[in-house]
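Asks: Show me how the following folds:
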Amino acid sequence: MNRPADPTPLSAADTYQDRDDDDAALSAAYPALPAWASSRGFGWIVALTGLVAFIASFILVLERFALYKDPGHVTSCDINPWISCGTVMRSWQAALFGFPNPIIGIIGFAVVITIGVSLLSGARFPRWYWIGFQTGITLAFAFCVWLWSQAVYDINALCIYCMIVWAMMIILFITTFSRNILTDVIPSSDGLKRFVASWNWMFVSLLVIAVSASIFFRFMNAFFPAS
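Replies: So this is what the prediction gives:
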């Protein structure tokens, strides 16, 4: 008896045009897809990182409005000269576009939360949607990198809530980029897919460690004050 022919693997176009972007379709097209890159797993990552960053941004907006009302207001994370949200908020970098930067965060992370919840509820998105999402996340990540460099090397002060946003953006950017490689939103070789599937969380950890190290060595006096 002749064996039935193996099914033809789905291409990226087939996956996004002819199949639903849900766990079943993704599993059929990409059998080695890690749990965190599935629709449900990725949905949780997007929703939770977006929620944490949204809360941090919302608190920053409230603190900024309090400073507008009372220039002498002491913010909730004014701990010392090096760890001071107030110092950061009073810098020109904190309102790069003429209004407080956290307002951008409130709007942007509300969108991120919506996408995450939509994935968890079974929403289906075409390839062009994920390209747009990747573009937005990349721009947001680049903005956070700039804010990190300004806080650490120019303003010489840290904002705890800002650092929370930076951490969430590291997770969101790397996992989004990795998932888009795994699902052919970003065309790539099988070798690269295996690499990002295995090393995604290692890259997240390394980047968090690198940022933490830059902060530690730049503000060593805050952690070990001279006696």
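Asks: gap between residue 219 and residue 186?
Replies: 36 Å (C-beta to C-beta, to the nearest Å). For glycine as for every other residue, the C-beta is placed from the backbone atoms N, C-alpha and C.
Asks: what's the answer for residue 197, then?
Replies: 14 Å.
Asks: Now do the host helix or strand of residue 168: distance to the chain's middle.
Replies: Counting by DSSP states H and E, the element that carries residue 168 is helix 160-182. Here helix 160-182 shows a centroid-to-chain-centroid distance of 3 Å under the convention C-alpha atoms, centre = their mean, to the nearest Å.
Asks: Does anything pack onto the next helix or strand after it? Which helices or strands?
Replies: Using DSSP H and E, the next helix or strand after helix 160-182 towards the C-terminus is helix 190-218. Under the contact definition 3 or more C-beta pairs under 8 Å, 6 or more residues apart in numbering; DSSP states H and E, helix 190-218 sits against helix 160-182.
Asks: For the helix it packs on, give the mean pLDDT please.
Replies: Helix 160-182 shows an average pLDDT of 96 in the prediction.
Asks: can you pull out the helices in the protein?
Replies: 12-17, 23-29, 39-69, 85-89, 101-120, 127-150, 160-182, 190-218, 220-223 (DSSP state H).
Asks: Dump those helices to a markdown table, plus mean neighbour count and distance to residue 76.
Replies: Shown next, in a markdown table, are the helices of the chain (neighbours: other C-beta atoms under 10 Å; distance: least, C-beta to C-beta, whole Å):
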| stretch | mean neighbour count | distance to residue 76 |
| --- | --- | --- |
| helix 12-17 | 16 | 44 |
| helix 23-29 | 16 | 41 |
| helix 39-69 | 19 | 7 |
| helix 85-89 | 23 | 7 |
| helix 101-120 | 19 | 14 |
| helix 127-150 | 16 | 19 |
| helix 160-182 | 22 | 9 |
| helix 190-218 | 14 | 19 |
| helix 220-223 | 12 | 17 |
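Asks: Kindly provide the distance from the nearest residue to residue 176 once chain neighbours are set aside to residue 148.
Replies: Closest residue to residue 176 in three dimensions, ignoring its sequence neighbours and counting by C-beta to C-beta, 6 or more residues apart in numbering: residue 137, at 5.1 Å. Residue 137 sits 16 Å away from residue 148, going by C-beta to C-beta.
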